[in-house]
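Enquirer: build the 3D model from these lines:
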Amino acid sequence: MRSSHILRSISLPTHHQPSLSSFSSLLSSSQPALLTGLISHWPALDNWTVKNNLGRLRERASGILVPVEWAQKGRGFMDEGEKGKTTMLLETYLDAFILDRIPSEDPTMLPNLTFYLAQHDLFDSIPELLEDIPGPFLEDYLSAGKGEVWQKNIWLGPAGTFTPIHRDPYHNLFAHLSPSPKTIRLYPPTIPTSTLYLAPPPQHQTSRLPVSPPNVSLPDWPLFEEARREERSVVIKKGEAVLIPEGWWHSVEGVGTGEGGEDSERLSVNFWFR
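Expert: Have a look, this model is predicted:
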């Protein structure tokens with residue numbers, strides 16, 4: 001069965017420590033890019049680590065409820081297989097699924113499932129977290145558009161998490177904080193939407209493709225081959241950020257090994273802004 005891994009993605013251009021002017025040009029020209037050296041001063045890079053007990057994330061976790069998605073490894077929430085959503089205490093989630101302090105009642109279940117704290121504004125519940133991502137990043141770069149910062153999210157989960165192809169109604173600045181990388185694949189706003197097999201409303205901005213793009217079976221989803229020919233991709237590593245301009249379709253997957261063979265938890269922060 002032919003899968004789409006035979007097609008090669010176009011690599012994103014890299015901009016090291018882009019000036020505010022260069023950043024604004026990327027926005028105005030709707031060009032996604034890998035940005036290096038932009039968040040290298042963030043204390044979160046050293047503090048929000050398993051070695052450091054996740055720093056303020058764990059220190060301030062008591063009593064805070066968070067939404068958690070669970071699904072089979074490598075398969076997103078649009079998949080028809082085993083999946084679900086629940087709400088739990090942040091301290092329980094961190095101790096059970098990130099810090100491995102709480103043993104599972106059924107150890108055979110966990111290797112096949114991922115439990116993902118996705119798209120949640122913890123900064124609203126724990127404002128002190130903003131002290132770990134300081135500087136001109138928020139004040140200057142996120143004001144490069146209309147100056148509207150809509151939401152700040154934390155994305156935290158083990159290896160194997162997958163967010164299916166979708167697009168946002170805002171610019172997206174996605175910053176990665178963990179040694180284990182993520183892979184982001186992007187498709188231009190002009191791509192025929194028929195090639196992405198979008199879900200019916202209200203999920204009509206999200207693809208029904210159940211697995212990551214390289215693993216899609218083209219005989220089952222033949223139109224997707226056209227989309228893959230327009231695909232850009234990047235492996236985002238610790239201390240890097242990716243600019244995803246408004247309207248660009250994209251998927252995010254917790255795959256790949258970091259320096260020293262790291263393939264464990266993945267922690268990212270993103271900002272939706274205009």
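
Enquirer: list of residues touching the worst-scoring helix or strand of the chain on mean pLDDT?
Expert: In the chain, the helix or strand scored least confidently by mean pLDDT, DSSP states H and E is helix 136-139, which has a mean of 71. Helix 136-139 is contacted by residues Leu38, Ile39, Trp42, Leu130, Val149, Phe271 when judged by CB atoms under 8 Å, 6 or more residues apart in numbering. Every C-beta, even on glycine, is put in place using the N, C-alpha and C of the backbone.

Enquirer: from the chain's centroid, how far away is the next helix or strand after that helix?
Expert: Downstream of helix 136-139, the next assigned helix or strand under DSSP states H and E is strand 149-157. The chain centre lies 9 Å from the centre of strand 149-157; the measure is CA atoms, centre = their mean, to the nearest Å.

Enquirer: quote the end-to-end distance of stretch 102-122.
Expert: 22 Å (CA to CA, to the nearest Å).

Enquirer: what does stretch 44-55 give?
Expert: Stretch 44-55 end-to-end distance (CA to CA) = 8 Å.

Enquirer: helices of the chain, start to end?
Expert: 20-28, 44-47, 56-59, 90-93, 122-125, 136-139, 224-228 (DSSP state H).

Enquirer: for the longest one, the averaged confidence score.
Expert: pLDDT averaged over helix 20-28 equals 94, rounded to a whole number.

Enquirer: for the helices of the chain, give me JSON lines that also has mean neighbour count.
Expert: As requested, the helices of the chain are exported to JSON lines (neighbours: other CB atoms under 10 Å):
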{"stretch": "helix 20-28", "mean neighbour count": "15"}
{"stretch": "helix 44-47", "mean neighbour count": "18"}
{"stretch": "helix 56-59", "mean neighbour count": "18"}
{"stretch": "helix 90-93", "mean neighbour count": "20"}
{"stretch": "helix 122-125", "mean neighbour count": "16"}
{"stretch": "helix 136-139", "mean neighbour count": "14"}
{"stretch": "helix 224-228", "mean neighbour count": "20"}
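
Enquirer: Phe174 is nearest to which of those?
Expert: When the helices of the chain are compared by CB to CB, helix 136-139 sits nearest Phe174, at 12.6 Å.

Enquirer: follow-up on the earlier one: any chance of the helices of the chain in CSV, with distance to Pro192 too?
Expert: Converted to CSV, these look like this (distance: least, CB to CB, whole Å):
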stretch, distance to Pro192
helix 20-28, 24
helix 44-47, 39
helix 56-59, 41
helix 90-93, 39
helix 122-125, 37
helix 136-139, 35
helix 224-228, 7
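
Enquirer: out of the ones you listed, nearest to Gly247?
Expert: If you check each of the helices of the chain against Gly247 by CB to CB, helix 20-28 wins as the nearest, at 11.7 Å.

Enquirer: quick check: chain neighbours aside, which residue is closest to Ala71?
Expert: Lys83 (4.2 Å; CB to CB, 6 or more residues apart in numbering).

Enquirer: is it true that the one you found touches Gln72?
Expert: Yes. Using CB atoms under 8 Å, Lys83 is in contact with Gln72, at 7.2 Å.

Enquirer: wait, what's in contact with the nearest residue to Asp168 once chain neighbours are set aside?
Expert: Ranked by CB to CB, 6+ apart and with sequence neighbours excluded, the top spatial neighbour of Asp168 is Trp272, at 6.1 Å. Taking CB under 8 Å, 6+ apart, we find Trp272 in contact with Val149, Trp150, Gln151, Lys152, Asn153, Asp168, Tyr170, His171, Asn172.

Enquirer: quick one: the first one and Leu142 touch, right?
Expert: Yes. In this structure, Val149 is within contact of Leu142 by CB under 8 Å, at 5.1 Å.

Enquirer: turn the contacts of helix 136-139 into a markdown table, including distance to Ile191.
Expert: Formatted as a markdown table, the contacts of helix 136-139 follow (distance: CB to CB, whole Å):
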| residue | distance to Ile191 |
| --- | --- |
| Leu38 | 27 |
| Ile39 | 29 |
| Trp42 | 33 |
| Leu130 | 36 |
| Val149 | 27 |
| Phe271 | 24 |
